[in-house]
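# Structure for this input, please:
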Amino acid sequence: MYILFDANVVAAYYLPRSTQSSKVAERAQILIDSVRSGASRHFFYIPNFCIAEVFSVFMKYAFGTWNKQVKRAKGPIDKRVYKSLKDQFHEDIHNGKLFYHYELSRYHVLGINVVAPIDHHYKITKGPDTIPMGTFDHLIISMSIHLAHIHGSENVLIVSADDRLTDILARCRSDISKEIIKKLKLEESKEITGRDFNSRIFPRFINFKRARKKDLENIFGSWPLSINRHKKAYRYL
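Alright, predicted model coming up:
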């Protein structure tokens with residue numbers, strides 16, 4: 001599969017304390033180390049702005065001594081650990097060694113016209129604190145639509161730990177009525193993506209925080225994925 005990563009999963013792989021969910025860190029390690037070791041042959045994409053987000057997470061845990069999130073997560077990391085994390089991630093994205101640096105393009109920017117209206121229209125979850133996604137999340141889905149157009153929607157997978165992002169993708173991959181499509185101006189999809197708006201323009205997805213073992217098996221064929229222990233894998237810090 002062609003896998004498009006959200007920054008929260010990649011950051012959890014390198015720095016497990018950056019997530020409050022042990023499942024996210026564990027599942028990121030299994031998936032990424034399976035490919036790193038050559039036991040699996042999935043292709044990894046990461047949006048260029050998510051690369052910046054991952055580096056920013058490292059910096060937060062290295063220098064954010066006042067930050068409540070840092071304090072809750074065992075405090076800041078040693079500066080030597082920070083340098084090691086930064087160097088390893090830089091190596092893994094250099095020339096697409098592990099993650100292919102996916103550049104933002106005008107097609108992705110235009111593509112949020114197919115994503116943002118759905119996000120703003122559907123509340124989905126109850127409660128006064130429900131808010132729409134941010135623009136970066138809209139762009140991740142838009143980039144995935146472009147990848148799905150190239151590789152086929154069933155061959156593209158978004159891996160995230162963001163509940164709102166995956167809830168909206170679930171809505172996008174369900175049947176949206178013609179009335180809602182017209183109301184949200186989604187018929188513009190043909191001009192933007194080259195395809196009529198329908199659930200098949202959106203890729204598959206998995207939420208590493210909420211997914212059941214059965215969900216992981218359905219997506220990847222088996223779970224946990226195998227790891228070739230004879231090949232060097234990332235050393236967790």
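# Help me confirm that residue 205 is found in a helix?
No. Counting by DSSP: H, G, I helix; E, B strand; the rest coil, one finds residue 205 to be strand, located in no helix.
# Pull the contacting residues for it.
The neighbours of residue 205, taking CB atoms under 8 Å, 6 or more residues apart in numbering as the test, are 157-160, 165-166, 169-170, 173. From N, CA and C alone the C-beta is placed, and that goes for glycine too.
# Show me what the helix or strand of the chain with the lowest mean pLDDT packs onto, helices and strands only.
Counting by mean pLDDT, DSSP states H and E, the chain has its least confident helix or strand at helix 189-193, which shows a mean of 79. Helix 189-193 is packed against helix 106-121, helix 135-151, with contacts defined by 3 or more CB pairs under 8 Å, 6 or more residues apart in numbering; DSSP states H and E.
# mind listing what's buried in the first one?
Read that as helix 106-121. By neighbour count on 16 or more other CB atoms under 10 Å, the buried set for helix 106-121 is 108, 111-119, 121.
# which of the contacts of residue 205 are buried?
Buried members of these, scored by 16+ other CB under 10 Å, are 157-160, 165-166, 169, 173.
# Spatially, which two of the residues you listed are the most separated?
Largest separation among those by CB to CB: 159 and 173, giving 15.4 Å.
# Quick check: pLDDT value at the most far-flung residue of the chain relative to its centre.
Ranked by distance from the centre of the chain (CA atoms, centre = their mean), the top residue is residue 179, with 30.3 Å. Model confidence at residue 179, given as pLDDT, is 94.
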